[in-house]
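[1] Pasting the sequence and the predicted model now:
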Protein chains: 2
Amino acid sequence: MGLSIVTYTVRMSRWEPDARERLVRAALDLFDEQGYSATTVTQIAERAGLTKSTFFRHFPDKREVLFAGQDTLCRLLEKGIATSPASATPLEAVARALDAVAGAFTPERRDLGPKMHAAIMASSELQEREALKRVGLATAIASALKERGVLEPTASLAAELGVLALSTASARWFNPANQMDLATLAHHALRELHTASTALR
Amino acid sequence: MGLSIVTYTVRMSRWEPDARERLVRAALDLFDEQGYSATTVTQIAERAGLTKSTFFRHFPDKREVLFAGQDTLCRLLEKGIATSPASATPLEAVARALDAVAGAFTPERRDLGPKMHAAIMASSELQEREALKRVGLATAIASALKERGVLEPTASLAAELGVLALSTASARWFNPANQMDLATLAHHALRELHTASTALR
């Protein structure tokens, strides 16, 4: 009985709506104001009006605050490819993967994008983590394509085109002047890359 | 006078033939025996029969022992592209870049390659650094192509093809059964990738 009350109390205090997003915004503000390396987890939690232990329920460390969506992104890419029609070419399957990812990019994400980009560009440690993310996404796409019987080097090549298309499309989408949705931009970027690849020689 | 003798003595003690390579081999052996994270700079220096300060004259930390060649690689790629004939297509310029790099891969490097690969695969920290290297090489190629007037997304696409060709060719070159030289393997891999890119859709 006593235990269940304790559990209940802990659960209550753990209920912080939007804690995750508040932590991301607090971290981005602090990285901007005082730099990434000078910022501590304690400061991020304080700025967000949350405890340090709440921080650690959401992120393993301050670096991962900006990269916590990577696993979700990989799963969406894989799912988009796995659920493509059997008749889809490698590039069509990659387009489906980009559609799946685009659906997960909310308006809040669009608002945060440029801040995240600025934070990453200002820190070599974050650039390194970004490079790892890039390789992780390419590996996810290539593996999902291989599952469908796509051979190398086509699988890795299509994966690189997918990652390039996603980064180009995101950069255009983050531009406040842009009016197009992310899926349209991603398809457009993928077509551009395919055209470029046929005209490389 | 006193100062010049001191300087001379220090210079003498700094003269260790092949110190760099001895440190790389010692680090690879220790990473293999006891793992990357359990290995210290002190242990690497000791195993190589050198001092810790000699280690730090060659590498900033234990991680960089396996990636110290990256700057040289980037400069070779850039130079290969910059010195391509004006008439060269983006892909022909990338082929020149791969030639320039292949020339720097000595027989010792071929012998170390599989050990380096095994060490990197066994450590997430080293995989992360490898991802950064990959992005660094692609950036070097893309920048050198842009210098020649190649536009985006062609420059980034040709760069990704170059990096994929180099990693595919190196893996084949490291195979003890292989009889071909690295430049031939790289050209072959680049052709395969170009063929795949025209057949993607």
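    Received it, and whenever you're ready, just let me know what you need. Numbers count the residues shown, from 1 in each chain, chains lettered A, B, ... in the order given.

[2] Show me what counts as buried in the host helix or strand of residue A:53.
    In this assignment (DSSP states H and E), residue A:53 forms part of helix A:52-58. The neighbour-count check on helix A:52-58 (16 or more other Cβ atoms under 10 Å in any protein chain shown) flags A:54, A:55, A:58 as buried. (C-beta placed from N, C-alpha, C; glycine too.)

[3] Do I have it right that the first one meets residue A:45?
    Yep, that's residue A:54 we're talking about. Yes. Taking Cβ atoms under 8 Å as the contact criterion, residue A:54 and residue A:45 are neighbours in contact, 6.5 Å apart.

[4] residues bridging contact with those two, i.e. touching both?
    Listed as contacting both residue A:54 and residue A:45 by Cβ atoms under 8 Å, 6 or more residues apart in numbering or on different chains are residue A:23.

[5] Identify all contacting residues around whichever strand or helix holds residue A:33.
    Assignment of secondary structure by DSSP H and E places residue A:33 within helix A:19-34. By Cβ under 8 Å, 6+ apart, the residues outside helix A:19-34 that reach it are A:16, A:39, A:43-45, A:47-50, A:54-55, A:57-59, A:62, A:65-66, A:68, A:108, A:112, A:115-116, A:118-119, A:122-123.

[6] and those residues, which are buried?
    A:16, A:39, A:43-45, A:47-48, A:50, A:54-55, A:58-59, A:62, A:65-66, A:112, A:115-116, A:119, A:123.

[7] Of those, which belong to helices?
    Those of the buried ones among the contacts of helix A:19-34 mapping onto helices are A:43, A:44, A:45, A:47, A:48, A:54, A:55, A:58, A:112, A:115, A:116, A:119, per DSSP state H.

[8] Next, see if stretch A:177-195 gets close to chain B.
    Yes. Counting by Cβ under 8 Å from any Cβ of the partner chain, chain B has neighbours in stretch A:177-195: A:189, A:192, A:193, A:194.

[9] In a markdown table, list these along with distance to residue A:136, secondary structure and neighbour count.
    What follows is the residues of stretch A:177-195 next to chain B, written out as a markdown table (distance: Cβ to Cβ, whole Å; DSSP: H, G, I helix; E, B strand; the rest coil; neighbours: other Cβ atoms under 10 Å in any protein chain shown):
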| residue | distance to residue A:136 | secondary structure | neighbour count |
| --- | --- | --- | --- |
| A:189 | 20 | helix | 23 |
| A:192 | 24 | helix | 19 |
| A:193 | 20 | helix | 25 |
| A:194 | 23 | helix | 22 |
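
[10] From these, pick the one nearest residue A:86.
    residue A:194 (21.0 Å; Cβ to Cβ).

[11] any idea how far the closest one is from residue B:196?
    Relative to residue B:196, residue A:194 is positioned 12 Å away (criterion: Cβ to Cβ, to the nearest Å).

[12] Give me every residue in chain A lying close to chain B.
    Counting by Cβ under 8 Å from any Cβ, chain A comes close to chain B at A:89-92, A:127-129, A:131-132, A:134-136, A:153-154, A:156-158, A:160-161, A:164, A:168, A:189, A:192-194, A:196-201.
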